[in-house]
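Participant: Curious how this folds, go ahead:
(chains A, B, C, D and E)
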Amino acid sequence: ATPHSLEQTFETLAKHGGMAWIGLYRPTQEEMAAVAKEFGLHRLAVEDAVSAHQRPKIERYDSSLFTVLRPARYLDDTESVEFGELHIFTGSNFVVTIRHAETGGVARVRHRLEARPDLLCHGPEAVLYALLDQVVDDYAPVVAGLENDIDEIEDQLFSGDSAVSRRIYELAREVIQFQRAIQPLPDVMSLLEKGFEKYGVDIELQRSLRDVEDHVQRVISRVNSFRDLLQNALTLDGTLTANRQNEASAAQNEQVKKISSWAAILFAPSFVAGIYGMNFDNMPELHWDFGYPMAIGLMVGAALLMYLIFKRKGWL
Amino acid sequence: ATPHSLEQTFETLAKHGGMAWIGLYRPTQEEMAAVAKEFGLHRLAVEDAVSAHQRPKIERYDSSLFTVLRPARYLDDTESVEFGELHIFTGSNFVVTIRHAETGGVARVRHRLEARPDLLCHGPEAVLYALLDQVVDDYAPVVAGLENDIDEIEDQLFSGDSAVSRRIYELAREVIQFQRAIQPLPDVMSLLEKGFEKYGVDIELQRSLRDVEDHVQRVISRVNSFRDLLQNALTLDGTLTANRQNEASAAQNEQVKKISSWAAILFAPSFVAGIYGMNFDNMPELHWDFGYPMAIGLMVGAALLMYLIFKRKGWL
Amino acid sequence: ATPHSLEQTFETLAKHGGMAWIGLYRPTQEEMAAVAKEFGLHRLAVEDAVSAHQRPKIERYDSSLFTVLRPARYLDDTESVEFGELHIFTGSNFVVTIRHAETGGVARVRHRLEARPDLLCHGPEAVLYALLDQVVDDYAPVVAGLENDIDEIEDQLFSGDSAVSRRIYELAREVIQFQRAIQPLPDVMSLLEKGFEKYGVDIELQRSLRDVEDHVQRVISRVNSFRDLLQNALTLDGTLTANRQNEASAAQNEQVKKISSWAAILFAPSFVAGIYGMNFDNMPELHWDFGYPMAIGLMVGAALLMYLIFKRKGWL
Amino acid sequence: ATPHSLEQTFETLAKHGGMAWIGLYRPTQEEMAAVAKEFGLHRLAVEDAVSAHQRPKIERYDSSLFTVLRPARYLDDTESVEFGELHIFTGSNFVVTIRHAETGGVARVRHRLEARPDLLCHGPEAVLYALLDQVVDDYAPVVAGLENDIDEIEDQLFSGDSAVSRRIYELAREVIQFQRAIQPLPDVMSLLEKGFEKYGVDIELQRSLRDVEDHVQRVISRVNSFRDLLQNALTLDGTLTANRQNEASAAQNEQVKKISSWAAILFAPSFVAGIYGMNFDNMPELHWDFGYPMAIGLMVGAALLMYLIFKRKGWL
Amino acid sequence: ATPHSLEQTFETLAKHGGMAWIGLYRPTQEEMAAVAKEFGLHRLAVEDAVSAHQRPKIERYDSSLFTVLRPARYLDDTESVEFGELHIFTGSNFVVTIRHAETGGVARVRHRLEARPDLLCHGPEAVLYALLDQVVDDYAPVVAGLENDIDEIEDQLFSGDSAVSRRIYELAREVIQFQRAIQPLPDVMSLLEKGFEKYGVDIELQRSLRDVEDHVQRVISRVNSFRDLLQNALTLDGTLTANRQNEASAAQNEQVKKISSWAAILFAPSFVAGIYGMNFDNMPELHWDFGYPMAIGLMVGAALLMYLIFKRKGWL
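Facilitator: Below is the predicted model of the structure:
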């Protein structure tokens, strides 16, 4: 049965016993106060649950356990990672989940568990472990998305796309945030494990938690390697950018050099013309029959000579 | 009752019992000596308290506990973080707070505690924890201010503002100082926790301290990520700066190339004019009826030819 | 005897006792289910074994041990490292090996062990240790291949091959992946060692495991040093690239400078010609007998003078 | 009483009992041998004491404790840190201090202790702690000097002084050396602390040692932050240098561009002159009354046209 | 007595008792097999001893201890560090040393020990410790050589030698290799220390081992600081290189600018000549008496005007 108000739920629980699972989405102060009163939640944990912006952690109180997880979702269109926040109170006969962002994880876990009464009979602990499992499993597509972006960045790097600098930087920022969201998880889990013996946790639940822990280690190890790859990419981008633009600048300078050379070559015959444009009375060449062709020849010769010299010096 | 001199306070305490809370601001040697004598404070701790420039720490002496905290304040106009220094002596029936910078934290804690006798009845320990709580809570706006600056820097980076280099560097310096102020805190707190059992600290105080510890971890984790972000920003700034100025230089070179090309194009017809300016007796073209238009045509043609060649070579 | 179907194997094992070694290559869900049922493998380990993409680890279940190893192979033509995945279930009387990539390691271990009944008599544990040994031994050529590449890169770096940037980056990526594959191994091994006493492992097997552990440490230490070397190479590549291209650009600029200088030198005599091409009535030089040679002399002199000035200023 | 030779000292000690404090400065082998024999110092420690170049450490021998400290002094004129070396042997009734560099610390401690018989009565241990205290206190001006240099460097960085590169590098070298001198100190001190209970060290001496330890932690934390600051400064220096010189180069290129543009503008009227300098018989303009002013007008017009075009293209 | 063949040695040992010290240089498989059989060396250790390329380590077997050390030698002419490999088996009555490179260390230890029967009487352990001592002592000249190179590099850096890039890189490679050779030593030694009590090691030997350990720590600390210094040098080299070449390029551009300016200045009078070279009928200046000097004056004036303008604009 799924009661529709908090009061109804409390009533049902009191009457029929069993386990209550209350799912809240950005609860108001009043809603939280009602839930806290009913289940005897600790004031400090309730404060944390209302304010959000917690890092993953786990806190044991007398009658309840307060867990904070940070589910993540990869947004393909902006190439960014969206972080949610999931607070879980578990007691002997209740689970309260509080979501601070729209993520489908809780609903999916609920459906899965409702289909497996064998797991649900382990009570609130099974729900907590299933939620942990779901949150960690949902990291896989995020890691895949980031890995895909890094692959694309590597292609972009070597193809000379200048927009890649910004992309590397922004991806590195996402990776740093992701690291912050997952690095406390091993501690959270080893805290849970320390309670195994004391609270007589079922061996199967223990094993599935160890499995989740293993997945977390895998995610952390890959995300750390992303960090290193992006760092290298950032350094390389600097080198490649300098390289490419130096090449462009070298090509331009080469052209300026050639243009200057051609101008200098043209200048030589022009100088010949200048000489025979002088108005001296006594310039014998001017009166030669073949003076004009000789001058033309001189011009061609001078230009040719300069062309050859420049060619040999590698200026053309 | 708030007595107005130290002597009065000591007297009141001796007469009525209870707990004395003495707040000093940059005390003189004499003031400290009086307080130290009355409460039996340890010589070394007193020396530390007078000299300031301590790092956060906690020291247990026979009859008292000496705690150093470094409150921080974000100054928006200079984008810097101002660090205060708060020394706290706690004994069985007294709290002595010594401030070395103007920070409102102590006064706020006093008002809050005076309004909650239930907390004050835990005695000096409750005051110490409340001060710790306040100092750590006051880190939140500093973190927010730094985060805001980093966001602005990221925008500045990609918009090409050259003042960003200095801003990144100075922000990194602030972050390094902030790290120095907060990194010893987890040790301080675990030292307090070690005394929990021995001194029979109330379970509620224990929990609130764990809550504070959690906040400290959050602050440290975020400030560490600032460090990484700023490091990346510094590297990227180098690359983007080089990039932008290479682009500017490429644009300039392109213009020089075009100017040179146009000069070379103009030079060709000029050379034709040079030829027909020569004074040879025997230059048949000079006597042709259409010699002049032919020369003009030749000029236009030569210029056109060069223009086409240059265009094809990509020099224009 | 090597039975040809799983059913046959199970039957033989039930009938004759001894130890079964089942080698699977990318098994289907059904195959895994059959094996898991027969040997009572744990559900979570079986899930892992089917899905692949595990990091090296070891998990103890009631009746079996689940080990994941990542064999590596160096591909010379692409200069890359190919990582396989080897899952091993060991129980009291069986070994199940599951390969997720074509690697000859398992077959080689099988042949070696079949030739040494003294080792095989230690049962499944001996097989596990032999596989570990083989996988770690097979890292040696990978390390050698990477070391060889790094040597080549160092030569390439200083010979000025611009393709080296990409090669350094890609090699660094391979090294980072390799680090991910081998870094969990010491933990895997110390977990095995913790079981030595409890499970009464033969002293010779213990020693050979310690030997393998020593090899792993050697591989890790060398691969870490590769990381540092490649990081240095990446930095140096940036410097050397800038260096080389600055040199090229300097050579080009030198040529432009020379061409400009020669143009300027030619310009001086051309100016002399311009002067004597003026049409003033009263230009005495024009009517001198040696006016023309004088003008030529003036031209040569002007050019020479400029040449000497430019030479002295270092412009030529 | 202050005896003047080693023999005299040994005699006095044997006769009157009490505690001997022998201060040596770069002792010869013979002096050391005499002292070692008298007090039963261990051969290995004596070898170390003669050879110098030790890192800070502490060694317990049967009857004595051998301590190595590295006092530091900031030299303002060379902006460098000078490291001394202080070896201390302490036994039940003697202290031997060996200095390997001129530092005033030992003398100052002696004067201070002679004025406080209450401390001296704790015997050789009190001397050792006082020396430790002095050495660590003397680090404060070194830290202040380095901090001051870093502040100056930051100003220099942004004011564009090119000598700053070298200064940053050399300061980083000093900081690295300083780190080497102080990083072993916490281990030295925790070793001393381990002997507290066993040797029944006075509680006041214990506290003063903890105070010194706290100072050491502060020095280490600040010196580590210097490292990070200088690293950032080195990176930033690269960026700012590139920036500044790119700007200089851009300004130069701008001038070349303008000069080229003006040359091109002058070239246009010059070409007009070239045309009317041609000698064709049939050039009607030459015979017009206003041919000459028309040509001048053409020249001005051509130059103006080019000026406007160049201006619009941003070439001027 | 020094027997000349292995068989003879074994015989002598069996007959006379005492301790055998067998020194092998790159032994063949057969030699090793003979020695291993005689002294009951463990198969795995023997395999390691033959194959070489081990990292420093220590392994305890039932009747023997297997130690691997890596002696180092600084080669001044190539500025490189040559690493040897020394394998040592020690049992109750034998020492087997196996060298894989020509290093004089073993011979020197032998001579030293033969001269000190008091040490030799501690048996194989004394030999092992003496070898350790020798190997670590021999690191001192290597460290000195590297330090000397780094000093030279610093001078080279600031004097602008472009070969320094390669030298820094290669020295960093040597340092990384050296770090690999020495970093496992502290673990080796603490393993030896763990056996102190169990095997009743003489207190003097214990102390000399601690002395060696101290030297190792010193070497490691200095080599680590070399790493940091070379890293800084690599970064700085990039900056200084860019700096120097930018300066060279700026000087070149300055010259191009000046040459262009002079060309432009010469162009102005040339233009005046062009005007008076025109052939208009009606050009009054041509017929003036002082037309020619006026033109020359105009030319000088134009050139002077441009010179002044350019000078004021800073183009000259």
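Participant: Only C-alpha atoms from now on, for both contacts and neighbour counts.
Facilitator: OK.
Participant: In contact with the closest residue to A:E285 other than its chain neighbours: list those residues for me.
Facilitator: Nearest residue to A:E285 in three dimensions, chain neighbours excluded: A:G291, at 5.4 Å (C-alpha to C-alpha, 6 or more residues apart in numbering or on different chains). A:G291 is in contact with A:285, B:280, B:282, counting by C-alpha atoms under 8 Å, 6 or more residues apart in numbering or on different chains.
Participant: Can you pull the domain assignment for chain A?
Facilitator: A:1-113, A:254-313 (automatic domain parsing).
Participant: right, and these - which one's nearest C:G145?
Facilitator: Across the domains of chain A, C:G145 has its closest neighbour in domain A:1-113 (35.8 Å, C-alpha to C-alpha).
Participant: and the closest one, what's its mean pLDDT?
Facilitator: Across domain A:1-113, the average pLDDT comes to 83.
Participant: got it, and stretch A:144-154?
Facilitator: On average, stretch A:144-154 scores 90.
Participant: Identify the residues contacting that stretch?
Facilitator: A:74, A:76, A:79, A:164, A:167-168, A:171, A:226, A:230, A:233.
Participant: tally of neighbours for A:V272?
Facilitator: 22 (other C-alpha atoms under 10 Å in any protein chain shown).
Participant: Would you agree it is in contact with A:V300?
Facilitator: No. In this structure A:V272 lies outside contact range of A:V300 using C-alpha atoms under 8 Å: 9.9 Å.
Participant: which stretches of the stretch 151-300 of chain A form helices?
Facilitator: All helices of the stretch 151-300 of chain A, identified by DSSP state H, counting those that start in this stretch, fall at A:164-182, A:185-198, A:203-276, A:284-287, A:291-313.
Participant: Is any residue of the second one near chain C?
Facilitator: By that I understand helix A:185-198. No. Applying C-alpha under 8 Å from any C-alpha of the partner chain, one finds helix A:185-198 separated from chain C by no less than 15.1 Å.
Participant: Report the buried residues of that helix.
Facilitator: A:185-186, A:188-189, A:192-193 (16 or more other C-alpha atoms under 10 Å in any protein chain shown).
Participant: Just the CA atoms of that helix, as PDB, please.
Facilitator: Provided in PDB are the C-alpha atoms of helix A:185-198 (Å, rounded to 0.1, in the frame of the first residue of the first chain):
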ATOM      1  CA  LEU A 185      33.000   7.000  -0.800                       C
ATOM      2  CA  PRO A 186      35.600   4.400   0.200                       C
ATOM      3  CA  ASP A 187      35.600   5.900   3.700                       C
ATOM      4  CA  VAL A 188      31.800   5.800   3.800                       C
ATOM      5  CA  MET A 189      31.900   2.100   2.800                       C
ATOM      6  CA  SER A 190      34.600   1.100   5.300                       C
ATOM      7  CA  LEU A 191      32.500   2.800   8.000                       C
ATOM      8  CA  LEU A 192      29.500   0.600   6.900                       C
ATOM      9  CA  GLU A 193      31.700  -2.400   7.000                       C
ATOM     10  CA  LYS A 194      32.900  -1.700  10.500                       C
ATOM     11  CA  GLY A 195      29.300  -2.100  11.600                       C
ATOM     12  CA  PHE A 196      29.000  -5.500   9.900                       C
ATOM     13  CA  GLU A 197      29.800  -7.600  12.900                       C
ATOM     14  CA  LYS A 198      28.200  -5.300  15.500                       C
END
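Participant: That one to helix A:203-276, inter-axis angle?
Facilitator: Taking axes from the mean of the first three to the mean of the last three C-alpha atoms, to 10 degrees, one finds helix A:185-198 and helix A:203-276 inclined to each other by 170 degrees.
Participant: So which residues make contact with helix A:185-198?
Facilitator: Residues outside helix A:185-198 that contact it (C-alpha under 8 Å, 6+ apart) are A:56-58, A:201, A:206, A:209, A:213, A:216-217.
Participant: out of the residues you listed, which are buried?
Facilitator: By neighbour count, with 16+ other C-alpha under 10 Å, those hold A:56-58, A:201, A:206, A:209, A:213, A:216-217 as buried.
Participant: Show me which of those is closest to chain C.
Facilitator: A:Q217 (8.6 Å; C-alpha to the nearest C-alpha).
Participant: Kindly state the pLDDT recorded for the residue lying closest to the closest one once chain neighbours are set aside?
Facilitator: Setting aside the residues directly before and after it, A:Q217 is nearest to A:P186 in space (C-alpha to C-alpha, 6+ apart), at 7.5 Å. At A:P186, the pLDDT value in this model is 90.
Participant: Next, work out how far apart A:P186 and chain B are.
Facilitator: 15 Å (C-alpha to the nearest C-alpha, to the nearest Å).
Participant: For the residue in the stretch 1-150 of chain A positioned nearest to chain B, which three-state class applies?
Facilitator: For the stretch 1-150 of chain A and chain B, the shortest gap (C-alpha to the nearest C-alpha) falls at A:R55, measuring 6.4 Å. Here A:R55 is coil, with the state taken from DSSP: H, G, I helix; E, B strand; the rest coil.
Participant: Equivalent analysis for A:F66, please.
Facilitator: On the basis of three-state DSSP, A:F66 is classed as strand.
Participant: if we can go back for a sec, and the contacts of stretch A:144-154 as TSV, adding neighbour count and distance to chain D?
Facilitator: Output for the contacts of stretch A:144-154, formatted as TSV (neighbours: other C-alpha atoms under 10 Å in any protein chain shown; distance: C-alpha to the nearest C-alpha, whole Å):
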residue	neighbour count	distance to chain D
A:Y74	20	33
A:D76	12	34
A:E79	15	29
A:V164	21	20
A:R167	17	21
A:I168	24	19
A:L171	21	22
A:F226	22	23
A:L230	20	18
A:A233	22	17
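Participant: from the residues you listed, which single one is nearest C:V175?
Facilitator: A:F226 (12.9 Å).
Participant: That closest one reaches A:V175, doesn't it?
Facilitator: Yes. The pair A:F226 and A:V175 qualifies as a contact (C-alpha under 8 Å) at a distance of 7.3 Å.
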